[in-house]
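>>> Predicted model follows, preceded by the sequence.
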Amino acid sequence: MDVAPLLSRLGVELPELGDIPVTSPIDGTPMGRVPARDIDAAIGRAQAAFAAWKTVPAPRRGELVRRFAETLRNHKDDLGLLVTLETGKILQEGLGEVQEMIDICDFAVGLSRQLHGLTIASERPHHRLMESWHPLGVVGIVSAFNFPVAVWAWNAALALVCGNALVWKTSEKTPLTALACKALFLRAANMFGDIPDGLCEVVPAGRDAAVTLADDRRVALLSATGSTAMGRALAPRVAARLGRSLLELGGNNAAILCPSADLDLAVRAILFAAIGTAGQRCTSLRRLIVHHEILDTVMDRLKAAYGRIPIGDPRLPGTLLGPLIDEAAFAAMQDSLAQAKAEGGTVTGGHRVAVPGCADGWYAAPALVEMPTQSGVVRRETFAPILYVMTYRTLDQAIVLNNQVDQGLSSSIFTTDLREAEHFLAGSDCGIANVNIGPSGAEIGGAFGGEKDSGGGREAGSDCWKAYMRRATNTINAGRDLPLAQGIRFDL
Ligand code: UN1
């Protein structure tokens, strides 16, 4: 696989001797070696850049992000293909990821003129209270292999318009897409004019670099996406220095399938949510909670659909399921399926699939697993296309099952009954709760994130920008007297 022409169109030049080898999960072929970079020095450069960038007016900062979105639009096909080559997700999803970057940039551009604070009535005459929002500092971003560019862009676009500098620790599995983002960003910066060096640092590196970001007081906010274990390792370190963290961790997302559901629509939604990105989204559908009266019909339809899923090279049009990221991911899938059987589950699918020309890729048939109860393996997140199916009798039971896991990222219900839908929306304990669509594939306009072991952070749209700024409360006295709050008298 000669990726040099593609990389060169994206502005990435790799040295002969890099430290981090990159292979494509599609067929195991080497794609190049990426030089490791020192994160400590990167934090220093970003800190210096922050001092200059925070003084640039926010709408002008938005102009840089607008240019970046324009550059992304011009390179959407190339960057989308690179995402596919590096992650193994199908081309439609590679392109979708770049579109998600463009969307958040557009959102951030609008936001750059709307970083509003409140004015608040004062209890004192001739006084005024207001809130003002100020740039925070260096924002550290830790991203995962499964969304190597979109999740960075959620953070980067907002952080930049909010006046911050970025240090991005990429996944070691996907450094090329990160270097491409940096190169495209620099092109946008050139069109924009003068930007301070170090505004957008990109550091392909391993876990140690994430720990450095967590420990370093110069990093005002650490925004980390990854496993719950990663969040548990990093969050206490940030907390120990009273820093801020924004965590987007694992999910174990359920869908409740009610008797009144539109099954044609539901089956399509389930396929995308459970099999899309080879089950490697934090929002992937992992648990299907089906009303017992419709179980047989639903299983028949799902088994028929699962048997027809085109598995293969994710670059080919028509493929819906590409490879897992690596052998370890396949092994974890097999472990979970073995455990499911031991816990009384009936497994259909899940075996390795040979794909012509891709002998070294780890392709697996998607697995449907009927489970008698929500036992240990079901309560654990396995990053693979495994869908556990359980039954319920009353909606309250179904909502208990939905909530009875440690994670609380996303959830959904399929019903045409308004009361059931509303009851579920009030009852789900997740950060995302949907009706008649699956738990994955969120738009950027809403706040994205979840509760409990999912980390509690919120990223992307709505008012999530506030996490990237510090709030000051200002009290202004325009009078000639000094009345004290709470009516306190303090006269000499
Ligand atoms: C992730 O898997 O970390 O809602 C992010 C979704 C995508 C983002 C997933 N927009 O599935």
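Yes, it's here.

>>> what about the helices in the stretch 1-150 of the chain?
Ranges of helices in the stretch 1-150 of the chain, per DSSP state H, counting those that start in this stretch, are 4-10, 39-53, 58-74, 76-87, 91-111, 150-161.

>>> Oh, that last question was meant for the stretch 201-350 of the chain, not what I typed.
So, for the stretch 201-350 of the chain - with DSSP H, counting those that start in this stretch - the helices run 207-215, 228-240, 263-275, 295-307, 327-342.

>>> check contacts around the spatially most central residue of the chain.
Centroid-nearest residue in the chain: V151, 4.5 Å away (criterion: C-alpha atoms, centre = their mean). V151 makes contact with S143, A144, T225, E248, E459, according to C-beta atoms under 8 Å, 6 or more residues apart in numbering. All C-beta atoms are positioned from the backbone trio N, CA, C, and that covers glycine.

>>> Of the helices of the stretch 201-350 of the chain, which is nearest the ligand?
helix 263-275 (8.5 Å; C-beta to the nearest ligand atom).

>>> Please name the residues that touch A69.
Neighbours of A69 in contact, by C-beta under 8 Å, 6+ apart: M101, I102, C105, D106, V109.

>>> can you give me the strands for the stretch 101-250 of the chain?
For the stretch 101-250 of the chain, the strands defined by DSSP state E, counting those that start in this stretch occupy 119-120, 127-135, 138-142, 165-170, 200-204, 219-225, 244-248.

>>> Not counting the fifth one itself, show me its contacts.
Residues outside strand 200-204 that contact it (C-beta under 8 Å, 6+ apart) are 20, 34-39, 42-43, 45-46, 156, 160, 165-170, 172, 175, 178-179, 181-182, 185-186, 189, 209.

>>> circling back to that earlier point, make a markdown table out of the helices of the stretch 1-150 of the chain and add distance to V347 and mean pLDDT.
Below are the helices of the stretch 1-150 of the chain laid out as a markdown table (distance: least, C-beta to C-beta, whole Å; pLDDT from 0 to 100):
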| stretch | distance to V347 | mean pLDDT |
| --- | --- | --- |
| helix 4-10 | 39 | 96 |
| helix 39-53 | 43 | 98 |
| helix 58-74 | 41 | 98 |
| helix 76-87 | 26 | 98 |
| helix 91-111 | 26 | 98 |
| helix 150-161 | 31 | 98 |
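
>>> just these: most buried one?
helix 150-161 (a mean of 28; mean count of other C-beta atoms under 10 Å).

>>> Among the contacts of strand 200-204, name the buried ones.
Among the contacts of strand 200-204, those scoring as buried are 20, 34, 36-37, 39, 42-43, 45-46, 156, 160, 165-170, 172, 175, 178-179, 181-182, 185, 189, 209 (criterion: 16 or more other C-beta atoms under 10 Å).

>>> Which pLDDT value goes with the nearest residue to A332 once chain neighbours are set aside?
Sequence neighbours aside, T382 is the residue nearest to A332 in space, at 5.9 Å (criterion: C-beta to C-beta, 6 or more residues apart in numbering). For T382, the model assigns a pLDDT of 98.

>>> Just say helix, strand or coil for T382.
Here T382 takes the coil state, with states given by DSSP: H, G, I helix; E, B strand; the rest coil.

>>> and it, how many neighbours?
24 (other C-beta atoms under 10 Å).

>>> same question, T373
Using other C-beta under 10 Å, T373 has 11 other residues around it.

>>> That one sits in which helix or strand?
Assessed by DSSP states H and E, T373 sits outside every helix and strand.

>>> Name all residues that make contact with it.
Residues counted as contacts of T373 (C-beta under 8 Å, 6+ apart) are E343, G344, M390.

>>> Recalculate using a threshold of 10 Å.
T373 is in contact with E343, G344, G345, M390, L401, counting by C-beta atoms under 10 Å, 6 or more residues apart in numbering.

>>> Do I have it right that the last one meets A255?
No. Contact criterion C-beta atoms under 10 Å: L401 and A255 do not qualify, at 11.1 Å.

>>> Those two - which one has more neighbours?
A255 (28 against 19).

>>> Identify the residue nearest the more buried one in space, chain neighbours excluded?
What sits nearest to A255 in space, not counting adjacent residues and going by C-beta to C-beta, 6+ apart, is S412, at 4.6 Å.

>>> again, but for T416
Of all residues not flanking T416 in the chain, S260 sits nearest, at 4.6 Å (C-beta to C-beta, 6+ apart).

>>> Quick check: the one you found vs L425, distance?
S260 is 16 Å from L425, where distance means C-beta to C-beta, to the nearest Å.

>>> Overlap in contacts, L401 and A255.
R287, I289.

>>> how near is the residue nearest to T416 to the ligand?
From S260 across to the ligand, the span is 26 Å (C-beta to the nearest ligand atom, to the nearest Å).

>>> which residues does that residue contact?
Here S260 is in contact with H291, I294, F414, T415, T416, D417, E420, A421 (C-beta under 10 Å, 6+ apart).

>>> Likewise for F107?
65, 69, 154, 157-158, 161, 443-445, 460-462, 464-465.

>>> As JSON lines, the helices of the stretch 1-150 of the chain with distance to the ligand would be great.
Formatted as JSON lines, the helices of the stretch 1-150 of the chain follow (distance: least, C-beta to the nearest ligand atom, whole Å):
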{"stretch": "helix 4-10", "distance to the ligand": "22"}
{"stretch": "helix 39-53", "distance to the ligand": "22"}
{"stretch": "helix 58-74", "distance to the ligand": "16"}
{"stretch": "helix 76-87", "distance to the ligand": "11"}
{"stretch": "helix 91-111", "distance to the ligand": "6"}
{"stretch": "helix 150-161", "distance to the ligand": "5"}
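
>>> Much appreciated, bye for now.
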